[in-house]
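Visitor: predicted coordinates and the sequence they were generated for:
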Amino acid sequence: MRIYLWEYAVSPHLGNILSGMAALGYDTYYVVHSETYSVRQAEGWVLPDLPGVKILQPRSSSQMHNIIASASPEDIHICAGLRGSDHVRLATAALRAAGRRFIVFMETIDERSPLSFLKRPLYKKLFFQNRLQLEGILAAGADTPAWVAARGVPSSKIFSFAYFLNAPRAVKRRSRPLTGVRLLFVGNLIARKRVRLIIEALRSLPNDVTLDIVGDGPLRARLAELGEAYAPGRVIFHGTRPMPEIASFMASADCLVLPSDHDGWGAVISEAMLAGTPVVCSDRCGASVIVRASGCGKVFQAFARNTCAEALKTQVSAGPIFNQERAALSSWSKCLAAPEGSLYLDRIVKHLRCGGQRPIPPWAKAGRLDSKLKSKALT
């Protein structure tokens, strides 16, 4: 059986799972408009190596129709969203016109803007418009399955999903102070990420707690000023780093912090946990679902006062993470790695096509980490 993934550009986030499907025996095709996301290249992304995956780049609607016509009606089509790019919109229209079934991958929808109330009826219309061909929804994010169901999609078609990443290989850790807790932020320095909350929290944390910031953006100068005002010498800016270097930062930190007021998933959370690093994040991060499932780290209410600082106090009070704890979290987080994600997707496809028992998300099967871990969440 062939599987086609329709996305605007090649991504390590979804591409890894497609490569895993190839390892399971599927004939896999990545149908993209571009080989790379140009904006992501500036953030340090590199083109991933995807063994077994054939990349197709149709340049017109007619070429899209030809790809679909050459596929068997029983082949699997997965679309990254319904309206995220012209490429995906044209793909879903072509699949619908050909009467082909398709699965949609969706992150948590951003509803922060004043006009966001329009998204709910819009998606309800899109789901209804595609109801005959919509085979299933891969809903990534803590609240996404319920949000999709509220727009009229039958719960039998909705599956909790994630970005399943490649587990890091042996990583050389960065040098670090002998004492103290090392916090880490990785991402763009923009308002949505709310990095200022971490810097402000440092005022109420012990003086040997430091913050490494990997990434760049328009707020860097302002955040540097805040760092000097609130925690002199304790906030270190590393700028944008190539994606392969991020693993060493993850493996050297005691806690990754992501206080965003919206992140559809937040792949850095998955990366940190795979490296054995606990996470403190807001409940507006889609990946908060896996932090809660692990029992390691802390999820705080995004818009309640002082909740980020309080969550960090709890995490920091546990002290630096030791090798045994890191190994335990890294082992648990294999449920978030691409091989397990591919097996899960394979079970979903077989369930949709053949029936039988509904598959359970890998993180739901893994259970919570041992209660003796110092960094266990107090939820």
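Guide: Received it, and whenever you're ready, just let me know what you need. Numbers count the residues shown, from 1 in each chain.
Visitor: pLDDT score assigned to residue 83?
Guide: With respect to pLDDT, residue 83 has a value of 87.
Visitor: need the three-state assignment for the closest residue to residue 179 other than its chain neighbours.
Guide: Nearest residue to residue 179 in three dimensions, chain neighbours excluded: residue 208, at 5.5 Å (Cβ to Cβ, 6 or more residues apart in numbering). In this view, the C-beta of every residue, glycine as well, is placed from N, C-alpha and C. With DSSP: H, G, I helix; E, B strand; the rest coil as the basis, residue 208 sits in coil.
Visitor: got a pLDDT number for residue 208?
Guide: pLDDT, read off for residue 208, is 94.
Visitor: how about the one 10 residues further on?
Guide: Residue 218 is assigned a predicted lDDT (pLDDT) of 96.
Visitor: contacting residues around it?
Guide: Counting by Cβ atoms under 8 Å, 6 or more residues apart in numbering, residue 218 touches 189-190.
Visitor: start the count at 17, not 1, going forward
Guide: Okay, residue one is now 17; in that scheme the one you just asked about reads as residue 234.
Visitor: could you check how far it is from residue 207?
Guide: Counting by Cβ to Cβ, to the nearest Å, the gap from residue 234 to residue 207 is 9 Å.
Visitor: if we can go back for a sec, from residue 332, how far off is the residue nearest to residue 195?
Guide: From residue 224 across to residue 332, the span is 10 Å (Cβ to Cβ).
Visitor: wait, the residue nearest to residue 195 sits on residue 218?
Guide: No. Shown here, residue 224 and residue 218 do not form a contact pair, counting by Cβ atoms under 8 Å, at 11.0 Å.
Visitor: ok, the two, which is more surrounded?
Guide: Neighbour totals were compared for residue 224 and residue 218, and residue 218 leads with 22 against 14 (other Cβ atoms under 10 Å).
Visitor: SS state for the closest residue to residue 305 other than its chain neighbours?
Guide: The shortest distance from residue 305 to any non-neighbouring residue, by Cβ to Cβ, 6+ apart, is to residue 158 (3.9 Å). Following three-state DSSP, the label given to residue 158 is coil.
Visitor: torsion angles phi and psi at residue 227?
Guide: Main-chain torsions, residue 227, degrees, to the nearest 10: phi -130, psi 120.
Visitor: OK, contacts around it?
Guide: 198-201, 214-215, 218, 243, 247, 250-252, 273.
Visitor: and the strands in the stretch 267-395 of the chain?
Guide: Under the criterion DSSP state E, counting those that start in this stretch, the stretch 267-395 of the chain contains strands at 271-274, 295-298, 314-316.
Visitor: export the ones you listed to a markdown table and tack on mean pLDDT?
Guide: As requested, those are exported to a markdown table (pLDDT from 0 to 100):
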| stretch | mean pLDDT |
| --- | --- |
| strand 271-274 | 98 |
| strand 295-298 | 98 |
| strand 314-316 | 97 |
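Visitor: save those as a markdown table, and put in distance to residue 65 and mean neighbour count too.
Guide: Compiled in a markdown table, the strands of the stretch 267-395 of the chain are given as follows (distance: least, Cβ to Cβ, whole Å; neighbours: other Cβ atoms under 10 Å):
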| stretch | distance to residue 65 | mean neighbour count |
| --- | --- | --- |
| strand 271-274 | 25 | 27 |
| strand 295-298 | 27 | 28 |
| strand 314-316 | 33 | 23 |
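Visitor: redo these as CSV? Include distance to residue 101.
Guide: Formatted as CSV, the strands of the stretch 267-395 of the chain follow (distance: least, Cβ to Cβ, whole Å):
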stretch, distance to residue 101
strand 271-274, 25
strand 295-298, 27
strand 314-316, 30
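Visitor: what's the single longest helix in the chain?
Guide: Ranked by residue count and defined by DSSP state H, the top helix of the chain is helix 354-370.
Visitor: now for it, which elements pack on it?
Guide: helix 28-39, strand 150-156, helix 378-382 (3 or more Cβ pairs under 8 Å, 6 or more residues apart in numbering; DSSP states H and E).
Visitor: export those as TSV, with columns for mean pLDDT and distance to residue 314.
Guide: Formatted as TSV, the helices and strands packed on helix 354-370 follow (pLDDT from 0 to 100; distance: least, Cβ to Cβ, whole Å):
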stretch	mean pLDDT	distance to residue 314
helix 28-39	91	24
strand 150-156	98	21
helix 378-382	94	17
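Visitor: just to revisit the earlier point, from memory the residue nearest to residue 305 sits against residue 300, does it?
Guide: No. Using Cβ under 8 Å, residue 158 is not in contact with residue 300; the gap is 9.1 Å.
Visitor: the closest residue in space to residue 172 that isn't next to it in sequence: neighbouring residues, count only.
Guide: Spatial nearest neighbour of residue 172, excluding adjacent residues (Cβ to Cβ, 6+ apart): residue 374 at 8.0 Å. Around residue 374 there are 11 other residues, counting by other Cβ under 10 Å.
Visitor: per-residue confidence for residue 374?
Guide: As summarised for this prediction, residue 374 has a pLDDT of 96.
Visitor: how much space separates it from residue 94?
Guide: From residue 374 across to residue 94, the span is 18 Å (Cβ to Cβ).
Visitor: which non-adjacent residue is nearest residue 279?
Guide: Nearest residue to residue 279, sequence neighbours excluded (Cβ to Cβ, 6+ apart): residue 301, at 4.3 Å.
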